[in-house]
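# test case, fold it:
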Amino acid sequence: MHFIESATKFLIAGGFWVIPIMLVGALGIGITIERFIKLKRAETSNRKMWDQLQPILHNGDFDTAREMTYNDKSFVSQLVNVGLERQGTVRRREDIEIAMDEVMMSIVPQLEKRTPYTALFANLATLLGLLGTIMGLISAFEAVATAAPSEKSALLSASISEAMSCTAFGLIVAMPMLAANLYLNLKASNIIDGLEMASLKTVNTIASFYSKNRNQQP
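Numbers count the residues shown, from 1 in each chain. Now for the predicted structure:
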């Protein structure tokens, strides 16, 4: 209860500019949660599908792998399926790699989508906090200018304390969003690295399969 009362007084002390900072923070939290769920689902579905695909690709059963990935919505299925479709029509490694690279170019923006907004909102929260402090100080000095000499010192101290609360709140909102931005970027980067590894392994498996078949021919 004491914490709630202290937090309420702290927010009230920040004045009007606390409201836009809270709105920016709410938007940042919403985007962070949405991105976390999206990336977590992508990571889980990719890992699950790749664990199933690896032994099938290793055995050279490309038809089965093609059927498994055709209707699956995971990113790794979309990527591998394009390679397997090209495998059924072309034999050149370069053609398969180019087709899979095109799919990667469409997947990466989906993984990085809206993540930069968390850094933007963190900067906005900080700047709004500073703006609120500056506006509060301006109001404080205007009030002190017309106050009685005996009251100026106490009035100025109280006003500055209230104005600094706005900056403090802006920083409190900004720091977690910066941490969230770093986490989301790392998570997206790990997924992209995994997809690139899956792409390379798929191409190498296809190339190795055809090379082995050529060597076995009389």
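
# so which residues make contact with stretch 46-62?
Stretch 46-62 is touched from outside by 64-65, 68-69, 72, 74-77, 80, 84, 87-88, 191, 194-195, 198, 201-202, 205-206, 209, with contacts defined as Cβ atoms under 8 Å, 6 or more residues apart in numbering. For the C-beta atoms, the positions are set from N, CA and C on the backbone; glycine is no exception.

# the same query, at a cut-off of 6 Å, please.
64-65, 72, 74-77, 84, 87, 198, 205, 209 (Cβ atoms under 6 Å, 6 or more residues apart in numbering).

# of all the residues in stretch 41-53, which ones are buried?
By neighbour count with 16 or more other Cβ atoms under 10 Å, stretch 41-53 contains the buried residues 42-43, 45-46, 49-50, 53.

# of those, which belong to helices?
Members of the buried residues of stretch 41-53 lying in helices (criterion: DSSP state H): 42-43, 45-46, 49-50, 53.

# who's in contact with S139?
S139 makes contact with no residue under the criterion Cβ under 6 Å, 6+ apart.

# pretty sure T126 contacts G170?
Yes. Using Cβ atoms under 6 Å, T126 is in contact with G170, at 5.1 Å.

# neighbour count: these two, which is higher?
G170 (29 against 20; other Cβ atoms under 10 Å).

# which ones are touching that one?
By Cβ under 6 Å, 6+ apart, the neighbours of G170 are 21, 125-126, 128-129.

# quick one: mean pLDDT for the helix or strand that contains T118?
Element membership of T118, judged by DSSP states H and E, is helix 116-145. Averaged across helix 116-145, pLDDT comes to 85.

# following element in sequence after that helix, please.
helix 149-216.

# now do that following helix against helix 116-145, angle only.
170 degrees (axes from the mean of the first three to the mean of the last three Cα atoms, to 10 degrees).

# quick one on the thing from earlier: what residues sit buried inside the helix holding T118?
117-119, 121-122, 124-126, 128-129, 131-133, 136-137, 140.

# okay, now the unreliable bits of this structure?
For the chain, applying pLDDT under 70 flags the ranges 1-15, 88-91, 143-152, 154-159, 161, 210-218.
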